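Asks: the following comprises the amino acid sequence and a computationally predicted model.
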Amino acid sequence: MPSAVIPGTGAAGVRIVPEVNTVAHAAGRLCRILEQALGAPPPLRVRAWDGSTAGPPDGPAVVLRDRRALRRLLWRPDRLGLARAWVAGEIDVEGDLYEALGRLTGIVLHTGKEPPRSPAVRVLRALEAPARLRDPAARRALAEAVLLAGPGLPPRPPREEARARRGPLHATHRDRAAVSHHYDVGNDFYELVLGPSMVYSCAYWEGPGASLEDAQRAKLDLVCRKLGLRPGQRLLDVGCGWGSLVLHAAEHHGAEAVGITLSAEQASYARERVAAAGLAHRVEIRLQDYRETADGPYDAISSIGMAEHVGSARYREYADRLYALLRPGGRLLNHQIARRPWKDESAYRTDEFIDAYVFPDGELAPLGTTVTLLEEAGFEVRDVESLREHYGLTLRRWVENLETGWSRALGLVPPGRARVWRLYMAASALAFEQNRIGVNQVLAVRTGPDGASGMPPVRERWLLRPG
Ligand SMILES: C[S@@+](CC[C@H](N)C(=O)[O-])C[C@H]1O[C@@H](n2cnc3c(N)ncnc32)[C@H](O)[C@@H]1O
């Protein structure tokens, strides 16, 4: 008699012995099995490789292209299992990806130990929940699913998954490897997604007709103005990406700028841009970790979309280092994605998909934690501006660029990588729009020994455009 073990969180998993007569008619049944296991129709259309369908007739559809997807999900009934099937191309979405993700929010966008919110989550959880398995219909359905999935282990994870990480979390060499995983994937691919501005952080949308390039230029300028940059001042841009901010600061505000990055591809691209702009005498790009930067004092420091890589264990060191690098009266602009605080912070877990495929070892902190740590380092926090809606708009443009250039993208990176970027950017757009994450510019000052901040007394004055 065939039998299968569904791996569970419990010590032994749950052994299911299916009835033999369900096996003979298994073809074309996956979606009915899914409905039985859910106890309800799925929240969006599902179509399986065996020709079966379930769920509402309209709207986007989740397509299970391959039996291997089922095997992955049965072995790994969580977001990582889903992510692997997605990256491998075994699961796809037809139609509007945002709408599909919205309907699947419970599965695709939630992590941690919150209670299940959607029927779709229930089926995944059911695989591990003995209570659900006491329902005979669900038991039968799951047993059939196990048979349909076929024997053997799930396929190996797609090669885009970050390999096992060596060394202590946020050790310098480990951070280099993590940064390389995300950023050293080809500058051509980033050009396709980000467009000519080559800025990989939230833009600033000042008007309805603005292009992505306009909005990124506006963001770079906003940062320079908040920092109060004047000709001849020294700016350090921590995590400079492809060099867009240091170039803007030198060109439009007369700054002497140093940009540091851990990505070799970014550094060489940024150096080429600097040389092409004729600014090599005023802009220096270094392949350097923030922990290795020791040539202060700087008049101003920007850190835009970089602190998400720092990690809570190292954040004090990061804040202390930036403080030490600034002159008294100098300003810091820390632009960083924030997650919402959890009532029980110990229950918080990083999203498995993001950790495995997108930003290995990346960590989001609540805004309050960031502000407190900056204050503890000695900074006076002067201003916090949320740009949450701006990030939703920015991400949608990046997704649009990728979708429009899809066939070109497939010539630049393997399909799995393009699929990772499409999913993570669309899911992140929704997360910002639905206020599950935010992004903030925190302006802070290292005050002088007498406590002077050097800041104009009213906000409008320090946002004035130069000239
Ligand atoms: C999301 S990108 C942002 C790039 C740029 N600021 C922008 O807005 O386009 C994050 C940057 O942080 C850099 N980074 C991450 N960890 C770093 C570290 N430990 N030291 C220096 N740079 C780091 C990466 O190399 C990358 O350039």
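Replies: It's in.
Asks: other residues contacting the helix or strand containing S303?
Replies: Counting by DSSP states H and E, the element that carries S303 is strand 298-304. Contact partners of strand 298-304, identified using C-beta atoms under 8 Å, 6 or more residues apart in numbering, comprise 201, 223, 227-229, 233-239, 241, 245, 255, 258, 322, 325-327, 330-336. Where you see a C-beta, it was placed from the backbone N, CA and C, and this is true even at glycine.
Asks: can you check stretch 389-408 too?
Replies: 97, 192-195, 202-205, 212, 215, 219, 337, 409, 418, 421-422, 425-426, 428-430, 432-433, 439.
Asks: which of these fall within helices?
Replies: 97, 192-194, 212, 215, 219, 409, 418, 421-422, 425-426, 428-430, 432-433 (DSSP state H).
Asks: and the ligand, which of the contacts of stretch 389-408 reach it?
Replies: When C-beta under 6 Å from any ligand atom is applied, no member of those is adjacent to the ligand.
Asks: of those, grab the buried ones for PyMOL.
Replies: A single PyMOL command selects the buried members of the contacts of stretch 389-408 (16 or more other C-beta atoms under 10 Å):
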select buried, resi 97+192+193+194+195+202+203+204+205+212+215+219+337+409+418+421+422+425+426+428+429+430+432+433+439
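Asks: would you put the C-alpha positions of stretch 346-353 in CSV?
Replies: Taking Å, rounded to 0.1, in the frame of the first residue of the first chain, the C-alpha atoms of stretch 346-353 are listed here in CSV:
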residue,chain,number,x,y,z
SER,A,346,10.9,38.3,19.4
ALA,A,347,8.3,36.8,17.0
TYR,A,348,9.5,38.9,14.0
ARG,A,349,11.2,36.9,11.2
THR,A,350,12.7,38.2,8.0
ASP,A,351,10.8,37.2,4.9
GLU,A,352,12.2,33.9,3.7
PHE,A,353,11.9,34.8,0.0
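Asks: could you give the mean pLDDT of it?
Replies: Mean pLDDT, stretch 346-353: 86.
Asks: give me the longest strand you can find in this protein.
Replies: Criterion DSSP state E: the longest strand present in the chain is strand 326-339.
Asks: pull out the buried residues from it.
Replies: 326, 329-339.
Asks: in JSON lines: those residues, plus pLDDT.
Replies: Shown next, in JSON lines, are those (pLDDT from 0 to 100):
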{"residue": "L326", "pLDDT": "98"}
{"residue": "G329", "pLDDT": "97"}
{"residue": "G330", "pLDDT": "98"}
{"residue": "R331", "pLDDT": "98"}
{"residue": "L332", "pLDDT": "98"}
{"residue": "L333", "pLDDT": "98"}
{"residue": "N334", "pLDDT": "98"}
{"residue": "H335", "pLDDT": "98"}
{"residue": "Q336", "pLDDT": "98"}
{"residue": "I337", "pLDDT": "98"}
{"residue": "A338", "pLDDT": "98"}
{"residue": "R339", "pLDDT": "97"}
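Asks: report the two of these separated the most.
Replies: Greatest spacing in the buried residues of strand 326-339, by C-beta to C-beta: G329 and R339 (32.3 Å).
Asks: before we move on, back to that, and the ligand, which of the contacts of strand 298-304 reach it?
Replies: Filtering the contacts of strand 298-304 for proximity to the ligand (criterion: C-beta under 6 Å from any ligand atom) leaves 201, 238-239, 241.
Asks: which secondary structure elements does the host helix or strand of L235 contact?
Replies: Assigned by DSSP H and E, L235 belongs to strand 234-238. The contact analysis (3 or more C-beta pairs under 8 Å, 6 or more residues apart in numbering; DSSP states H and E) places strand 234-238 against helix 244-253, strand 256-261, strand 298-304.
Asks: that older thread, which helices and strands does the longest strand of the chain pack with?
Replies: By 3+ C-beta pairs under 8 Å, 6+ apart, strand 326-339 packs against helix 212-226, strand 298-304, helix 315-325, helix 367-376, strand 437-445.
Asks: in the fourth one, what's buried?
Replies: For helix 367-376, burial by neighbour count (16+ other C-beta under 10 Å) applies to 367, 369-371, 373-374.
Asks: over to stretch 436-451?
Replies: Using 16+ other C-beta under 10 Å as the test for burial, stretch 436-451 gives 437-447.
Asks: list the contacts for the residue of the stretch 351-467 of the chain found nearest the ligand?
Replies: Nearest to the ligand in the stretch 351-467 of the chain, going by C-beta to the nearest ligand atom, is F359, at a distance of 8.7 Å. F359 is in contact with 178, 182, 308-309, counting by C-beta under 8 Å, 6+ apart.
Asks: could you single out the nearest of these to the ligand?
Replies: Using C-beta to the nearest ligand atom, H309 is the member of these that lies nearest the ligand, at 3.8 Å.
Asks: sorry, back to before: just the closest of the contacts of F359 to G150, please.
Replies: H182 (34.1 Å).
Asks: go ahead and confirm the closest one touches Y357.
Replies: No. Using C-beta atoms under 8 Å, H182 makes no contact with Y357, being 9.3 Å away.
Asks: okay, those two: which has more neighbours?
Replies: Y357 (28 against 18; other C-beta atoms under 10 Å).
Asks: grab the nearest non-local neighbour of that one.
Replies: The shortest distance from Y357 to any residue other than its chain neighbours is 4.7 Å, reached at V420 (C-beta to C-beta, 6 or more residues apart in numbering).
Asks: also L367?
Replies: Of all residues not flanking L367 in the chain, A338 sits nearest, at 4.3 Å (C-beta to C-beta, 6+ apart).
Asks: do you know how far the one you found is from the ligand?
Replies: A338 sits 15 Å away from the ligand, taking C-beta to the nearest ligand atom, to the nearest Å as the criterion.
Asks: relative to Y391, how far out is that residue?
Replies: Taking C-beta to C-beta, to the nearest Å as the measure, A338 falls 11 Å from Y391.
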